[in-house]
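>>> Have a look at this fold, sequence not included:
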């Protein structure tokens with residue numbers, strides 16, 4: 001009798017967790033119906049390659065669809081979610097200490113960050129958050145939330161933005177995502193509103209924002225760690241084989257018929273189905289797979305040229321547009337050792353101020369200009385994107401520079 005009860009309980013638990021992520025079934029359906037979409041698959045651009053150690057910035061627009069006040073989640077919850085997402089991708093999450101010692105050398109800082117867009121598709125300032133009332137009580141994993149005509153909200157240009165729809169999803173589905181290369185009109189991620197955000201100690205087990213970490217991994221080309229098959233392959237060399245998805249919080253080591261050594265499953269990987277509190281790592285192989293999407297020939301390459309999220313942190317306001325024609329030139333860009341600021345005459349820049357900020361919005365350099373050409377050293381600063389703010393008679397001009405090594 002006990003064994004029968006246990007079997008029933010395990011089946012029930014499996015049913016509860018079975019739809020944590022609907023990406024696989026969603027994309028199977030999508031691929032079989034691509035002909036129904038009047039959109040081509042994602043295009044490959046060749047603007048530039050990623051730079052060594054570059055921190056890649058992904059501009060995000062959040063479409064909040066609500067039928068009642070409780071579904072209209074707060075700005076603070078959105079900020080908390082993006083901060084949790086960035087901590088996971090930069091391996092700055094507080095629970096890195098929970099990564100088993102045998103896997104720590106594989107754990108990676110992906111050097112990818114996500115920032116709320118500050119410029120909308122029309123070139124106007126935005127908070128990166130859209131709030132829209134919907135008459136729909138809930139949505140299915142069938143993309144209806146991605147169309148204004150169907151009770152949702154139209155996505156923004158996916159070559160420049162990551163669209164994230166936050167809404168009431170029916171049943172056990174917590175989220176799903178398009179893989180790279182799908183139709184432009186539906187490209188992005190959908191997250192159930194009840195698991196969007198970081199709510200420490202409340203509403204577990206999906207209360208640390210890791211549904212979005214998981215789904216953004218799919219958006220960047222990652223598969224589930226077990227390869228969606230018994231002892232399957234996710235195509236990543238440094239993720240060990242495992243028999244199937246893990247649920248809840250497993251104890252290390254978790255062994256199965258597919259284990260190749262005594263370390264067993266990497267159940268703490270973000271691409272498994274473990275509870276939020278038991279996920280804490282991407283591997284170096286997964287990092288390389290995701291970053292390859294931004295490289296030349298990658299299906300997310302166009303994001304590198306998107307300037308709609310000019311480098312401030314996720315809690316910053318919209319970047320103002322210049323109020324006068326540009327008075328200066330910056331070169332070289334990309335830069336390696338120095339950046340030169342030049343004007344047509346000394347009078348144009350004499351006494352003016354230039355400030356340089358990093359991608360987190362921290363002021364790094366302040367320089368008063370006293371020559372027609374001023375060279376500023378970038379030695380000691382990491383490769384990545386920086387924001388240059390030129391202040392001219394109470395007006396500001398904002399430029400983006402890329403530093404390479």
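Sure thing, it's come through. If you're wondering where the values come from, they're calculated on a predicted model, not measured in any experiment.

>>> and stretch 244-259, which residues are buried?
The neighbour-count check on stretch 244-259 (16 or more other C-beta atoms under 10 Å) flags 244, 245, 246, 247, 250, 252, 254, 258, 259 as buried. Any C-beta I mention is one placed from the backbone N, CA and C, and that applies to glycine too.

>>> any idea which of those is closest to residue 298?
residue 245 (27.6 Å; C-beta to C-beta).

>>> and the closest residue to the closest one other than its chain neighbours, how many neighbours?
For residue 245, ignoring the flanking residues on the chain, the nearest one in space by C-beta to C-beta, 6 or more residues apart in numbering is residue 273 at 4.1 Å. Look at residue 273: counted by other C-beta atoms under 10 Å, it has 21 neighbours.

>>> Does residue 273 belong to a helix, a strand or coil?
Secondary structure assignment for residue 273 (DSSP: H, G, I helix; E, B strand; the rest coil): coil.

>>> Return the distance of it relative to residue 148.
Distance of residue 273 to residue 148, computed by C-beta to C-beta, to the nearest Å: 33 Å.

>>> List the beta-bridge partners for the most centrally placed residue in the chain.
In the chain, the centroid-proximal residue (C-alpha atoms, centre = their mean) is residue 114; its distance is 4.7 Å. Bridge pairing for residue 114 (DSSP bridges) gives the partners residue 58.

>>> and of the buried residues of stretch 244-259, the nearest to residue 379?
residue 252 (43.0 Å).

>>> Apart from its neighbours in sequence, what residue is nearest the closest one?
Closest residue in space to residue 252, ignoring its immediate chain neighbours: residue 100 at 4.8 Å, by C-beta to C-beta, 6+ apart.

>>> Could you double-check that the one you found lies in contact with residue 268?
Yes. With contact defined as C-beta atoms under 8 Å, residue 100 counts as touching residue 268 (7.2 Å).

>>> Contact partners for residue 95?
Contacts for residue 95 (C-beta atoms under 8 Å, 6 or more residues apart in numbering) come out as 277, 280.

>>> So it: helix, strand or coil?
Classified using three-state DSSP, residue 95 is helix.

>>> any idea how far it is from residue 245?
20 Å.

>>> repeat for residue 362
Taking C-beta to C-beta, one finds residue 362 at 40 Å from residue 245.

>>> and what of residue 84?
22 Å.

>>> Equivalent analysis for residue 309, please.
Taken as C-beta to C-beta, the span from residue 309 to residue 245 is 33 Å.

>>> List phi and psi for the closest residue to residue 144 other than its chain neighbours.
Closest residue in space to residue 144, ignoring its immediate chain neighbours: residue 150 at 4.4 Å, by C-beta to C-beta, 6+ apart. For residue 150, the backbone dihedrals are phi -120, psi 20 (criterion: degrees, to the nearest 10).

>>> How many residues are close by residue 150?
Neighbour number of residue 150 under other C-beta under 10 Å is 15.

>>> Residue 271 is in contact with residue 216, isn't it?
No. With contacts defined as C-beta under 8 Å, residue 271 does not count as touching residue 216, sitting 10.7 Å away.

>>> any idea where the helices of the stretch 201-350 of the chain begin and end?
Secondary structure of the stretch 201-350 of the chain (DSSP state H, counting those that start in this stretch): helices at 210-219, 284-292, 346-349.

>>> Now do the first one against helix 284-292, angle only.
Put plainly, it is helix 210-219. For helix 210-219 against helix 284-292, the angle by axes from the mean of the first three to the mean of the last three C-alpha atoms, to 10 degrees is 70 degrees.

>>> So for helix 210-219, mean pLDDT?
The average pLDDT within helix 210-219 is 97.

>>> What helices and strands are in contact with that helix?
Helix 210-219 sits against helix 75-89, strand 162-167, strand 175-177, strand 189-192, with contacts defined as 3 or more C-beta pairs under 8 Å, 6 or more residues apart in numbering; DSSP states H and E.

>>> Now with 6 Å, please.
Counting contacts by 3 or more C-beta pairs under 6 Å, 6 or more residues apart in numbering; DSSP states H and E, helix 210-219 is packed against helix 75-89, strand 175-177, strand 189-192.

>>> Report all helices and strands that the shortest one contacts.
Okay, so that is strand 175-177. By 3+ C-beta pairs under 6 Å, 6+ apart, strand 175-177 packs against helix 23-32, strand 189-192, helix 210-219.

>>> List the contacts of it.
Residues from elsewhere that reach strand 175-177, judged by C-beta atoms under 6 Å, 6 or more residues apart in numbering: 22, 23, 26, 141, 189, 190, 191, 211, 215, 218, 219.

>>> and which of those residues is nearest residue 181?
residue 219 (11.1 Å).

>>> Now do the contacts for the closest one.
Residues in contact with residue 219 (C-beta under 6 Å, 6+ apart) are 177, 189.

>>> rerun at 7 Å
Contact analysis of residue 219 by C-beta atoms under 7 Å, 6 or more residues apart in numbering lists 162, 177, 178, 189.

>>> would you turn these into JSON lines with neighbour count and pLDDT?
Compiled in JSON lines, the contacts of residue 219 are given as follows (neighbours: other C-beta atoms under 10 Å; pLDDT from 0 to 100):
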{"residue": "162", "neighbour count": "26", "pLDDT": "97"}
{"residue": "177", "neighbour count": "26", "pLDDT": "97"}
{"residue": "178", "neighbour count": "25", "pLDDT": "97"}
{"residue": "189", "neighbour count": "22", "pLDDT": "98"}
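
>>> Quick check: which ranges of the stretch 101-250 of the chain have low pLDDT?
Counting by pLDDT under 70, the ranges of the stretch 101-250 of the chain that qualify are 200-203.

>>> Appreciated, that's everything.
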